[in-house]
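**Student:** Need a 3D model of the sequence below.
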Amino acid sequence: MQAQYLDDGALEAPSVALQAVRLELGRVGEITIGMLRDVGPALRDRDLERIEDIARRDDEVDILEAEIFRYLGRIRVGHMTERESAEMQQLMVATDNLENLADVIETDMVALARKLVNIKSATEGETRTILIELYESTLKSVGLAVQAIRDNDQRAAESVMIMKDTIRDQSERLLERKATRLVATDDPDYLTLVRMQMSFVDQMRRIYTLAKRIAKVVLPPGIAQKD
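**Tutor:** The predicted structure is shown next:
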């Protein structure tokens, strides 16, 4: 895995070099989106082989993140306008949060999926529906965040911010439902499944928070400060 857009020849023109970083972040984002997209089927099918493949892909993210930070450091050595300097700082924040997002998938979600393989209980209909809705909303938010940073797209960034209420409502619906069911049973296998479902909700919230942080760097300060 090598950087595709980080051309040394662009370093003499910081604005061009910063655009190259955006495009490279788009590549990192596509890898991360792919990891998250594949987690859903892997969890559903309890497919350990696919789970391990998802974990390995985080190595690609780590490699590209390191390349991007090195490139940003080289841009910083040259003369930059105040605006270019601010943009570089924003891209550093986005890079860090995108890598953290991939780590949540690689570490926490993959660990959850590995545990789920050994659980006999199955997720029932209504709960499954809410889990899928939350997962799809979170996946959409990550896709929009990557679009926002890659294309400097404020509309996509605003769409990520708007999804806050949807993510919160879906999370709360599921947690309320599972809290009620948790009291109503003493089946240890089912109790373990419920705790794992709650952990899944927490991970979706964390991923959305990171997507929001990525999107915020594209927005004007007055809008970005609203949460």
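**Student:** in this structure, which helix or strand is least confident?
**Tutor:** Scoring the helices and strands of the chain by mean pLDDT, DSSP states H and E places helix 221-224 at the bottom, with a mean of 64.
**Student:** Quick one: low-confidence residue ranges for this structure.
**Tutor:** Low-confidence segments of the chain, defined by pLDDT under 70: 78, 120-124, 178-189, 222-227.
**Student:** what's the residue closest to the geometric middle of it?
**Tutor:** Geometric centre of the chain, nearest residue: Leu101, 4.1 Å, by Cα atoms, centre = their mean.
**Student:** ok, for Leu18, nearest residue in space, not its chain neighbours?
**Tutor:** Leaving out its chain neighbours, the residue that sits closest to Leu18 by Cβ to Cβ, 6 or more residues apart in numbering is Glu87, at 5.4 Å. Bear in mind the C-beta positions are built from the backbone N, C-alpha and C, glycine included.
**Student:** Kindly report the same for Met163.
**Tutor:** That would be Ser141: by Cβ to Cβ, 6+ apart, it lies 5.0 Å from Met163.
**Student:** surely the one you found meets Lys164?
**Tutor:** No: look at Ser141 against Lys164 with Cβ atoms under 8 Å: they stay out of range, at 9.1 Å.
**Student:** Mutual contacts of those two, please.
**Tutor:** Jointly contacting Ser141 and Lys164 under the rule Cβ atoms under 8 Å, 6 or more residues apart in numbering are Tyr208, Lys212.
**Student:** if you count what's nearby, which of those two comes out ahead?
**Tutor:** More crowded of Ser141 and Lys164, by other Cβ atoms under 10 Å: Ser141, with 27 against 15.
**Student:** which parts of the helix of greatest length in the chain are buried?
**Tutor:** Under DSSP state H, the helix in the chain containing the largest number of residues is helix 14-45. Under the neighbour-count criterion of 16 or more other Cβ atoms under 10 Å, helix 14-45 has 14, 17-22, 24-29, 31-33, 35-36, 38-39, 42-43 buried.
**Student:** what packs against the next helix-or-strand element following it?
**Tutor:** Using DSSP states H and E, the helix or strand that follows helix 14-45 towards the C-terminus is helix 48-77. Applying 3 or more Cβ pairs under 8 Å, 6 or more residues apart in numbering; DSSP states H and E, we find helix 48-77 packed against helix 14-45, helix 82-103, helix 110-116.
**Student:** Quick one: work out the angle between the first one and helix 82-103.
**Tutor:** With axes from the mean of the first three to the mean of the last three Cα atoms, to 10 degrees as the criterion, the two stretches helix 14-45 and helix 82-103 enclose an angle of 20 degrees.
**Student:** could you check the angle helix 48-77 makes with the longest helix of the chain?
**Tutor:** With the same axes, to 10 degrees applied, the angle from helix 14-45 to helix 48-77 works out at 170 degrees.
**Student:** Report the distance from helix 14-45 to the chain centre.
**Tutor:** Taking Cα atoms, centre = their mean, to the nearest Å, the mean C-alpha location of helix 14-45 is offset from the chain mean by 9 Å.
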